[in-house]
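Peer 1: give me a model of this one.
(one chain, ligands or ions: 1)
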Amino acid sequence: MFLSVESVSVRYPRAATRAAVDQVSIALAPGQIGVLLGPSGCGKTSLLRAVAGLERCAGGRITMAGRTLSDASAGVHVAPEARRIGMVFQDYALFPHLSVADNIAFGIKPLPRAEREARVAAMLDLVGLAHAAKRAPHQLSGGQQQRIALARALAPSPGLLLLDEPFSSLDADLRESLAHELRAILKASGTTALLVTHDQFEAFALGDLIGVMQQGRLEQWDDAYTLYHRPASRFVAGFIGHGVFAPARIEAVAGVPSVRTPLGTLKNVTECPLPGAYAEGECELLLRADDIVHDDTSPVKACIERKAFRGAEFLYTLRLASGERLLAHVPSHHDHQIGEWIGIRVEVDHVVVFGPQAR
Ligand SMILES: Nc1ncnc2c1ncn2[C@@H]1O[C@H](COP(=O)(O)OP(=O)(O)OP(=O)(O)O)[C@@H](O)[C@H]1O
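Peer 2: Residues are numbered from 1 along each chain as shown. All right, here's what the predicted structure looks like:
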C-alpha cells in the first residue's frame, strides 16, 4: 500500500475524554482516491490533519511509500513540510496580487526557470485553464479558482494530495461537475489523494474507497457499491441513501432463509449474509426508497404522507395500514395526491438486516 494509516488516534489537549479520531485504519494503493465521509464533528478533518502532520498522533502509525511519517509509540513525527504532501483547503486562498501562472509556480520556485514554466503550462493544461495564465484570480469564477488551487497543489508533484471540503464554498450544480472533473484530473496525473466531505454524492463521484466515520471511529472503508448495498453497520445503512428500518423476521422456509416483512416474505435470501447472532428471529430490514416499487396490482397498499419532487421522480413518504413508514422513489409521471392509497411491492436486490437492538 502507498498510504497506510494504522490504528491512528488523535486527541486534543483540552478536549473531552473522547478521542477526536479513535484507532482508525485505512490504506490507499498508488493512484487511488480515498474519501472520508461523515457527519459534522466525526473526526474527518482531524484524521486528514494527522496525515498532513498538522496534528500529532496520540496512537498508531502513518506510513507513505514505505516511509514512516508518524509513529506514536516510537515518538516519530515528520514535520508537515517534509512529508511531500500537497493540500487543498476549503478556502483555497489564491494570492490575489499574483497572476494565475505565478500562483501555480509558487511552490516550485527553486526549479530552473524553463522547467518551472513548462510545469506551470502542464498544470494549466491539466485543469483546462491554459488560456487564463495571465489573469488575476479575481477575474476567474469560483470553480476556476478552485481548479487553480488544485494546479498549485499538484505543481510540486506531491506524493499525496489532501483535500478538505474543496467544494463547500461553491454552489450545488458546480460542485457535482467539479467533483467529476477533479476525479479526471487526479486520475490523469496518477495522484493518490485523500479527501474530506460530508456530501455523500461528492464521495460517490470521487472516491475509489470511501470511509464512513462516526464519533471518531471508522465504521466502514469500502467502495461506494459495497457501502450502499452491504453496509457494515446500522449507522452506515442509515447514513448512505434514503431508507428506513422495518421490523421483520428471519425464518427458515423449507430449509432456506427467508425474511418476513410488512410487505410480504422475501424468499430464499441465501445471498444475504445473515449475521449469525440473529440467524433466525426478529430483525430489522433496511428498505431503501428504490427497493419499494409502485404497483397498482399489488395487494399491499400504502398511504402517501408526504412527497418531494426530485425531477425525474418523487420521493414519497408512505405509511402502511400497520403504521410502518417507508420511503419510495416513484417516477414523477405518477403524480398521486397526499392521503391517497397506492399499491406497492418490495423488490430488494440486496437484503440488509440488523439485529433488533440498536448497536
Ligand atoms: N483544535 C481542537 N481542539 C479541541 N477539539 C477539537 C479541535 N479540532 C476539532 N476538535 C474536536 O474534535 C472532534 C472532531 O472534529 P473534526 O473537525 O475532525 O470533525 P469533522 O468530521 O471534520 O467535522 P466538520 O465536518 O464539522 O468539519 C470534534 O468533536 C471537534 O469539536
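Peer 1: for stretch 349-359, what is the average pLDDT?
Peer 2: Taken as a whole, stretch 349-359 has a mean pLDDT of 72.
Peer 1: for stretch 323-337, same thing?
Peer 2: The predicted model assigns stretch 323-337 a mean pLDDT of 88.
Peer 1: could you tell me the end-to-end distance of that stretch?
Peer 2: 19 Å (C-alpha to C-alpha, to the nearest Å).
Peer 1: in it, what counts as buried?
Peer 2: Buried residues in stretch 323-337, counting neighbours by 16 or more other C-beta atoms under 10 Å, are found at 324, 326-330. Every C-beta, even on glycine, is put in place using the N, C-alpha and C of the backbone.
Peer 1: which one among those residues gets closest to residue 219?
Peer 2: Using C-beta to C-beta, residue 327 is the member of the buried residues of stretch 323-337 that lies nearest residue 219, at 21.6 Å.
Peer 1: how about the strands in the stretch 101-250 of the chain?
Peer 2: Using DSSP state E, counting those that start in this stretch, the strands of the stretch 101-250 of the chain run over residues 160-164, 192-197, 209-214, 217-222, 243-253.
Peer 1: so of these, which one's packed in deepest?
Peer 2: Most buried of these, by mean neighbour count (mean count of other C-beta atoms under 10 Å): strand 192-197, with a mean of 26.
Peer 1: next, count neighbours for whatever residue of the stretch 51-200 of the chain ends up closest to the ligand.
Peer 2: Across the stretch 51-200 of the chain, the shortest distance to the ligand (C-beta to the nearest ligand atom) belongs to residue 198, at 5.0 Å. For residue 198, the count of nearby residues is 15 (other C-beta atoms under 10 Å).
Peer 1: kindly report the same for residue 135.
Peer 2: 15.
Peer 1: wait, it touches residue 102, no?
Peer 2: No: taking C-beta atoms under 8 Å as the definition, residue 135 is not a contact partner of residue 102, at 10.9 Å.
Peer 1: ok so, going back, got the strands of the stretch 101-250 of the chain as a markdown table, with distance to residue 120 and mean pLDDT columns?
Peer 2: Below are the strands of the stretch 101-250 of the chain laid out as a markdown table (distance: least, C-beta to C-beta, whole Å; pLDDT from 0 to 100):
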| stretch | distance to residue 120 | mean pLDDT |
| --- | --- | --- |
| strand 160-164 | 17 | 95 |
| strand 192-197 | 21 | 96 |
| strand 209-214 | 31 | 97 |
| strand 217-222 | 36 | 96 |
| strand 243-253 | 47 | 84 |
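Peer 1: as CSV, the ones you listed with distance to residue 269 would be great.
Peer 2: Below are the strands of the stretch 101-250 of the chain laid out as CSV (distance: least, C-beta to C-beta, whole Å):
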stretch, distance to residue 269
strand 160-164, 40
strand 192-197, 33
strand 209-214, 24
strand 217-222, 21
strand 243-253, 8
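Peer 1: give me the beta-bridge partners of residue 10?
Peer 2: Under the criterion DSSP bridges, residue 10 forms beta bridges with residue 21.
Peer 1: same thing with residue 281?
Peer 2: Counting by DSSP bridges, the residues bridging with residue 281 are residue 250.
Peer 1: how far away is it from residue 324?
Peer 2: Remark: distance between residue 281 and residue 324 (C-beta to C-beta, to the nearest Å) = 19 Å.
Peer 1: how close does the closest residue to residue 89 other than its chain neighbours get to residue 91?
Peer 2: Of all residues not flanking residue 89 in the chain, residue 164 sits nearest, at 5.2 Å (C-beta to C-beta, 6 or more residues apart in numbering). According to C-beta to C-beta, residue 164 and residue 91 sit 10 Å apart.
Peer 1: and if you look at residue 136?
Peer 2: Applying C-beta to C-beta, the value for residue 136 to residue 91 is 18 Å.
Peer 1: so for the two, which residue has more residues nearby?
Peer 2: Neighbours were counted for residue 136 and for residue 91 using other C-beta under 10 Å; residue 136 has more, 16 against 9.
Peer 1: those residues of the protein touching the ligand, which are they?
Peer 2: 12, 15, 20, 38, 40-46, 198 (C-beta under 6 Å from any ligand atom).
Peer 1: just those now: which is nearest residue 220?
Peer 2: residue 38 (10.6 Å).
Peer 1: isn't the closest one up against residue 216?
Peer 2: No: using C-beta under 8 Å as the test, residue 38 is too far from residue 216 to be in contact (9.7 Å).
Peer 1: and these two? Which one has more around it.
Peer 2: Counted by other C-beta under 10 Å, residue 38 and residue 216 do not tie: residue 38 has more neighbours, with 26 against 22.
Peer 1: how about the more buried one, what does it touch?
Peer 2: By C-beta atoms under 8 Å, 6 or more residues apart in numbering, residue 38 lies in contact with 44, 198, 212-214, 239.
Peer 1: nearest to the ligand, out of these: which one, please.
Peer 2: Distances from the ligand to the contacts of residue 38, taken by C-beta to the nearest ligand atom, are shortest for residue 44, at 3.7 Å.
Peer 1: burial count for the closest one?
Peer 2: Neighbours of residue 44 (other C-beta under 10 Å): 27.
Peer 1: sorry, back to before: who does the residue nearest to residue 89 bridge with?
Peer 2: residue 196.
Peer 1: need the contact list for it.
Peer 2: With contacts defined as C-beta under 8 Å, 6+ apart, the neighbours of residue 164 are 45, 48, 87-90, 195-196.
Peer 1: then residue 295?
Peer 2: 343-345.
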